[in-house]
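Engineer: please work out how this folds:
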Amino acid sequence: MHLKSILLAAGLLLAGVAQADTVALWGFNPDRTGTPTTKPTYTDHGGAFFSTVGNVTTTFASQSGSSDTTAGSSALNSSGYAAQGTGDRTTGVQFSVDTSGFQDIVLTFDQRNSGTASAWTALRYTIDGENWVEATTFRMVRDSVFVKGLGFDFSDIAGVDDNANFAVQLVSMFAPNTQAYAGTSNNYGTAGTIRYDMVQFAGSLIPEVVPEVPEPASIALTLAALGAMGAVVRRRKQA
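Structural biologist: Below is the predicted model of the structure:
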């Protein structure tokens, strides 16, 4: 895991992110009918969507051990990842978030791997909806337990703020410098699952630019100057 991600997970509250506004949140809580859903639990202005990458499919499972302590809640279980030695960074989940009106975007999430799931996950992002850039990677070293507060700070990346086309992907990747997946705690297998919960995008509102109101003294001087100009014009006409 990159140092920036480690520091983010360790110092999120100290950095003041707790005071930021939530742009979008996926808690995978039941909807009004009592059915778990991949629709965002909260979104500031409706521009938040979930989808899968590659042939990945999703089901709902227990959120026990995640940051979500809401009774009756759930987490999202993903499966159907690529066969060993194929599909590097092509299978996973995607979260699209309209950040219009927001800046200093920060992503946090909880992740739980099964033993045969890929230990390595890549976080990729797009600012145009088409081209993807790798932001960081995460390595899971334990299975069957949630690792809480993983994340990445996008505040230094140009184009993420105030962007209707922003999206991220969490995709399985080959172990670094190899051509194969490494299992979390056992040999990698396509039956491996990765579970996510409390996927949150936070940011701060972009301040509105308020037109500067002239000082009363400046207004008076301007009016006086206009009056003087008017007097000169009248004298010229009279001449």
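
Engineer: tell me, how many residues neighbour Thr58?
Structural biologist: 19 (other C-beta atoms under 10 Å). Every C-beta, even on glycine, is put in place using the N, C-alpha and C of the backbone.

Engineer: in this structure, where is pLDDT below threshold?
Structural biologist: Low-confidence segments of the chain, defined by pLDDT under 70: 1-19, 210, 212-239.

Engineer: which residues in it form strands?
Structural biologist: 21-26, 42-43, 48-53, 57-61, 75-79, 92-97, 102-113, 120-126, 133-139, 147-153, 167-172, 194-205 (DSSP state E).

Engineer: of those, which is nearest Gln179?
Structural biologist: Set against Gln179 and scored by C-beta to C-beta, the strands of the chain come closest in strand 120-126, at 12.8 Å.

Engineer: list the neighbouring strands of the closest one plus their orientation.
Structural biologist: Next to strand 120-126 in the sheet, as set by DSSP bridges, lie strand 133-139 (antiparallel), strand 167-172 (antiparallel).

Engineer: which residues sit against the longest one?
Structural biologist: Surrounding strand 133-139, the residues in contact under the criterion C-beta atoms under 8 Å, 6 or more residues apart in numbering are 1-2, 4-5, 89, 111, 119-126, 150, 152, 154, 157, 168, 173, 176.

Engineer: and these, which are buried?
Structural biologist: Buried subset of these (neighbour count, 16 or more other C-beta atoms under 10 Å): 1, 5, 89, 111, 119-126, 150, 152, 154, 168, 173.

Engineer: about what we covered before: just say which of the strands paired with strand 120-126 is most tucked in.
Structural biologist: The highest mean neighbour count among the strands paired with strand 120-126, using mean count of other C-beta atoms under 10 Å, belongs to strand 167-172: a mean of 24.

Engineer: contacts for it next, please.
Structural biologist: Taking C-beta under 8 Å, 6+ apart as the rule, strand 167-172 contacts 53-54, 81-82, 87, 89-97, 107, 109, 111, 117-118, 120-126, 129, 132, 135, 181, 194, 196.

Engineer: let's see that with 6 Å instead.
Structural biologist: Outside strand 167-172, the residues that touch it by C-beta atoms under 6 Å, 6 or more residues apart in numbering are 53, 81, 89, 91-96, 118, 121-126.

Engineer: from these, which two are the most distant?
Structural biologist: Once C-beta to C-beta is applied, the contacts of strand 167-172 give Ser96 and Ser118 as the farthest pair, at 22.7 Å.

Engineer: between those two, which one's more packed in?
Structural biologist: Using other C-beta under 10 Å, the more surrounded residue of Ser96 and Ser118 is Ser118, with 29 against 18.

Engineer: how near is the residue lying closest to that one once chain neighbours are set aside to Ser51?
Structural biologist: Excluding the flanking residues, the one nearest Ser118 by C-beta to C-beta, 6 or more residues apart in numbering is Ser172, at 3.9 Å. Distance of Ser172 to Ser51, computed by C-beta to C-beta, to the nearest Å: 16 Å.

Engineer: end to end on stretch 184-201, go ahead and measure it.
Structural biologist: Using C-alpha to C-alpha, to the nearest Å, the end-to-end distance of stretch 184-201 comes to 26 Å.

Engineer: touching it from outside, list them.
Structural biologist: 23-27, 61, 63, 66-68, 75-79, 83-84, 95, 97, 107-117, 119, 140, 143, 181.

Engineer: just the buried ones out of those, please.
Structural biologist: 23-27, 61, 63, 66, 68, 75-79, 84, 95, 97, 107-117, 119, 140, 143, 181.

Engineer: what's the closest of the strands paired with strand 120-126 to Asp31?
Structural biologist: Once these are compared by C-beta to C-beta, strand 167-172 is nearest, at 22.8 Å.

Engineer: how far off centre is the closest one?
Structural biologist: When C-alpha coordinates are averaged (C-alpha atoms, centre = their mean, to the nearest Å), strand 167-172 and its chain have centres 10 Å apart.
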